[in-house]
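S.K.: Can you look at this prediction? I've put the sequence above it.
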Amino acid sequence: MKIIELLIDEEELYSGIEAISIVDRPAIQENFIALSEQPKVKLAEVDKEKRILMGAALVPNKNIYRSEGEDEYYIYFSEDTVRKASELFLMRGNQNKSTLEHEASLSGLSVVESWIIEDDVHDKSRKYDMDLPVGTWMVSMKVNNDDVWENYVKTGKVSGFSIEGYFTDKVNMSELNQITEEEAEDILVEMADYIASKKLKLESYSDYPDSVSNNAKRALEWADENGWGSCGTAVGKRRASQLASKSSITVSTIKRMYSYLSRHAPDLKSSKSYSDGCGKLMYDSWGGKAGLRWSKNKLKELDNNGNN
């Protein structure tokens, strides 16, 4: 199975760790532990819980399984990349950015300690029976959020940290000149949308008809069974997943949806079915003809309301 090393492009504004998520099943398969202060007097609650979670944010050279359709592969981070990620996370002031299961943004959670394991015998993590390799990025997170602590940490619904951010891989870095200008623009706008959505409350909409979602669902189901082959970019596949699940999409995404479907409508002349080239498959991934009609009307509506 293919193994891909992920890297940080320090010249790219969005590259690196944007937030740390608390999750049920961390991809790095290392759980954090909930540290609580033991009461000095057992008869009364004299000392309150520290409400601190300690665990690994990134473990170097650990293969992490990933799959996209029929493509299965492993990714990993070198010690150097792990260190860069930990440094950029703090330098960009992301200590208070956290999410729950990579979805809901959380308040009241802050990274209060961050370090790289340098000594596999005397590191602080050993005190808590964590057997992690040298080069691991460790964090301690303070939880000043009653709901998270009582309903997720104490109940065991979350058990580890998982990073959120943007990386590139060695293969992609050497092949960037092979992607089209359109693909590059889509990727950059998608990244900008994601970052902005974390910082601002962007207007988003999910009032597109079921016919749009059904087109995307059919495309995904066909790809799950037959594979994507050489069809589509990561952005196009993500768009299909968004539409199929009736997720809210931003105005910027609606504009790109209308642009894509308008430009690629002629592709349907030569691609009548999913097995007949990429045209029909990718067109429906973006919502199909129903998506074209909805995005066109939605943009007109927003323009009339002064929101576009």
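M.R.: Sure, I can see it. Not measured: the values here are computed from a predicted model.

S.K.: Settle this for me: residue 203 is touching residue 253, isn't it.
M.R.: No - using Cβ atoms under 8 Å, residue 203 is not in contact with residue 253; the gap is 11.0 Å. For the C-beta atoms, the positions are set from N, CA and C on the backbone; glycine is no exception.

S.K.: quick one, which of those two is more surrounded?
M.R.: For residue 203 versus residue 253, neighbours defined as other Cβ atoms under 10 Å are more numerous around residue 253 (23 against 12).

S.K.: For the more buried one, give me the pLDDT.
M.R.: Reading off the confidence values, residue 253 has pLDDT 85.

S.K.: Tell me if it really is in a helix.
M.R.: Yes - according to DSSP: H, G, I helix; E, B strand; the rest coil, residue 253 belongs to a helix.

S.K.: any idea which residue sits dead centre in this structure?
M.R.: residue 164 (5.3 Å; Cα atoms, centre = their mean).

S.K.: SS state for it?
M.R.: strand.

S.K.: what about residue 238, neighbour count?
M.R.: 16.

S.K.: Quick check: buried residues in the helix or strand it falls within?
M.R.: When elements are assigned from DSSP states H and E, residue 238 belongs to helix 234-244. Within helix 234-244, the residues that count as buried by 16 or more other Cβ atoms under 10 Å are 235-240, 242-244.

S.K.: which among the residues you listed gets closest to residue 129?
M.R.: Residue 129 has its nearest neighbour among the buried residues of helix 234-244 in residue 238, at 39.1 Å by Cβ to Cβ.

S.K.: I'd like the distance between the closest one and residue 270.
M.R.: According to Cβ to Cβ, to the nearest Å, residue 238 stands 25 Å off from residue 270.

S.K.: Give me the contact list for stretch 289-304.
M.R.: Stretch 289-304 is contacted from outside by 205, 207-209, 211-212, 215, 243, 251, 254-255, 257-258, 261-262, 265, 287, 308, using Cβ atoms under 8 Å, 6 or more residues apart in numbering.

S.K.: Please compute how far it lies from its chain's middle.
M.R.: 28 Å (Cα atoms, centre = their mean, to the nearest Å).

S.K.: Output it in PDB, but only the C-alpha positions, please.
M.R.: Extracted as PDB, the C-alpha positions of stretch 289-304 are listed here (Å, rounded to 0.1, in the frame of the first residue of the first chain):
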ATOM      1  CA  LYS A 289     -28.700  20.200 -14.000                       C
ATOM      2  CA  ALA A 290     -30.700  20.800 -10.900                       C
ATOM      3  CA  GLY A 291     -27.700  22.300  -9.300                       C
ATOM      4  CA  LEU A 292     -27.100  24.600 -12.200                       C
ATOM      5  CA  ARG A 293     -30.700  25.900 -12.000                       C
ATOM      6  CA  TRP A 294     -30.600  26.300  -8.200                       C
ATOM      7  CA  SER A 295     -27.200  28.100  -8.100                       C
ATOM      8  CA  LYS A 296     -28.200  30.500 -10.900                       C
ATOM      9  CA  ASN A 297     -31.500  31.400  -9.100                       C
ATOM     10  CA  LYS A 298     -29.900  31.600  -5.700                       C
ATOM     11  CA  LEU A 299     -27.200  34.000  -6.900                       C
ATOM     12  CA  LYS A 300     -29.900  36.200  -8.400                       C
ATOM     13  CA  GLU A 301     -31.800  36.100  -5.200                       C
ATOM     14  CA  LEU A 302     -28.800  37.100  -3.100                       C
ATOM     15  CA  ASP A 303     -27.900  39.800  -5.600                       C
ATOM     16  CA  ASN A 304     -31.400  41.300  -5.400                       C
END
